[in-house]
Every structure is written in C-alpha cells, then in structure tokens.
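Q: Generate coordinates for the sequence data below:
(3 chains)
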Amino acid sequence: MARKLDLIYRRLYSFFGAQHWWPGDTPFEVMIGAMLTQNTNWLNVEKAIANLKKYKLLKPQALYKLPDKRLAELIRPSGYYNIKAKRLKSFLKFFIDFSGGNIKNISHVPTPSLRRQLLAVKGIGPETADSMLLYALNRPVFVVDAYTKRILLRHRFIGPDADYDKIQNLFMKNLKSGVKLFNEYHALLVRLGKDFCLKNKPRCSGCPLKSI
DNA sequence: GACCAGGCACATC
DNA sequence: GATGTGCATGGT
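A: Okay, the predicted model is just below:
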C-alpha cells in the first residue's frame, strides 16, 4: 500500500503540478476558511471572506464581538450562514480563550492535544480540525474529505464502510510523515476529485490514476 | 432546472 | 450503533 500511495502521489503531481494550498493570507484566515468551506464550494467561501475583509473584520476579537445576525449577513454567500455564524462564534470563543487571539501562543501545544481540543468545539469535526492543523498550523496531519473517500472507494483501496480515522491512518501509516507532502497530497486529491471523480457522473476518461 | 460543493450536529430508530 | 435530516448559497 505504501508503494501504491506513493505512486498515486507522483502521478497526480506530475499531472496537475503544485496546487499551492491553502489559499489564504494568514493562519487565522485559513482557519475561518476551513469552517466556511464545510460542504461548500470554495468560490462561495471567497465571497464571504472578501466581505469580512472589506469591513476589516477578519480578526479574532473583531469577529467575536460582531452580533450573530450581522456575521451571518456577511458570510451569507458561503451558505448555511446561520449555522456557520454560530459555529464561527464557538470557534472564536475557543481560540480567544485558548490563545488570546494570537496563533503564536498555541505553537507549543502538542498536535494530539490540540486536535482533541479543536474537536471539542461545536462545529468542528475531524476534517475541519485537521485542515486547521495542517494548513494553518503546519502540523503533519493528513486531511480526509469526501473526495478522498470517493477516489479511494472507486479504486477499491477501501470499502464503503471505511470511516475518517481509518482512511487517515491509511495515509499516515504508509507515507513518510511531513507537512509539505500532506499539504500537497490532499490538495491534489481534491483537484482530481473536481476534475475526474464527480459524484454521479464519473468522468473517468483521461484520469491520471487509470490502471493503478 | 438539476446537480453539486474541501461537513457537522442532532433526532430517531 | 447505524441511518436520516436540516442547514443554503451560487456555479456549471
């Protein structure tokens, strides 16, 4: 399996090239984006983030002080705006309480502990937590998402019952752990998913993973 | 107009 | 413990 996962990575990288993830100017922006992109197209998330930037609200305290209703209005383009406003608030409370709003204050916290604490926040599940850890905090954690599962399933690397942890372990036990590799690998899987592994109509012809 | 998107919490059985 | 459902905009 280690050889296969390695081969898949090399195929994807040579086919698509570097994906330059995560799009975002600061770690804080990445974390907010991670919440807003839950089951949502990234283009819609960009609109929401642009709104927050326009009013200079993309800062922990400023965002936390904002009334839920106003926050929901600003992030409206990202969909699920009422529930996401609540989720953002619960994350912001955690982030401010825990770090004082400064990312540097959590740089010493061990990854497993940080992950547990993120998962305890309402609105943060495994993918969101791991996206924050990898793409905002540069921790070597593999991010699993719907594309990852669909791709592995279609190539019969997993069964339909494989859960998040099982899929994550598949990568983390078989790859050489590293932020750079995990960053690029997940981004490439998303790219492959968008281009070749759609939900109902698999556009398989031309797929760079053919015959793997 | 249908389908889809870089999930998650909660209800119900 | 497994399965179903609500949340919602905007692009293709």
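Q: Nearest residue to the spatially most central residue of chain A in space, please, no chain neighbours.
A: The residue lying closest to the centre of chain A (Cα atoms, centre = their mean) is A:Ser131, at 3.5 Å. The shortest distance from A:Ser131 to any non-neighbouring residue, by Cβ to Cβ, 6 or more residues apart in numbering, is to A:Ala34 (4.2 Å). Yep, even glycine has a C-beta here, placed from its N, CA and C like the rest.
Q: The helix or strand harbouring the one you found and DNA strand B, any residue contact?
A: Following DSSP states H and E, one finds A:Ala34 within helix A:27-36. Yes: judged by Cβ under 7 Å from any atom of the strand, helix A:27-36 and DNA strand B are in contact via A:33-34.
Q: can you list contacts of the helix or strand that that helix is followed by?
A: Next in sequence after helix A:27-36, counting helices and strands by DSSP H and E, comes helix A:42-54. Residues outside helix A:42-54 that contact it (Cβ atoms under 8 Å, 6 or more residues apart in numbering): A:23, A:29, A:32-33, A:36-37, A:58, A:63, A:74-79.
Q: Pull out the buried members of those residues.
A: Applying 16 or more other Cβ atoms under 10 Å to the contacts of helix A:42-54, the neighbour count classes A:29, A:32-33, A:36-37, A:58, A:63, A:74-79 as buried.
Q: which of the residues you listed lies closest to DNA strand C?
A: Looking at the buried ones among the contacts of helix A:42-54 and their distance to DNA strand C, the nearest is A:Gly79, at 2.6 Å (Cβ to the nearest atom of the strand).
Q: what sits against the closest one?
A: Residues near A:Gly79 by Cβ under 8 Å, 6+ apart: A:39-40, A:44.
Q: Can I get these in JSON lines including neighbour count and pLDDT?
A: Output for these, formatted as JSON lines (neighbours: other Cβ atoms under 10 Å; pLDDT from 0 to 100):
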{"residue": "A:Asn39", "neighbour count": "9", "pLDDT": "98"}
{"residue": "A:Thr40", "neighbour count": "16", "pLDDT": "98"}
{"residue": "A:Asn44", "neighbour count": "16", "pLDDT": "98"}
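Q: show me which of those residues neighbour DNA strand B.
A: Among these, proximity to DNA strand B is found for A:39-40, A:44 (Cβ under 7 Å from any atom of the strand).
Q: ok so, going back, against A:Arg154, how distant is the residue nearest to the centre of chain A?
A: Relative to A:Arg154, A:Ser131 is positioned 23 Å away (Cβ to Cβ, to the nearest Å).
Q: Kindly report the same for A:Glu29.
A: 33 Å.
Q: Give me the spatial nearest neighbour of whichever residue of chain A sits closest to DNA strand B, chain neighbours excluded.
A: Scanning chain A for the residue nearest DNA strand B gives A:Gly125, at 2.2 Å (criterion: Cβ to the nearest atom of the strand). What sits nearest to A:Gly125 in space, not counting adjacent residues and going by Cβ to Cβ, 6+ apart, is A:Leu119, at 7.3 Å.
Q: how far away is that neighbour from A:Tyr164?
A: Distance of A:Leu119 to A:Tyr164, computed by Cβ to Cβ: 11 Å.
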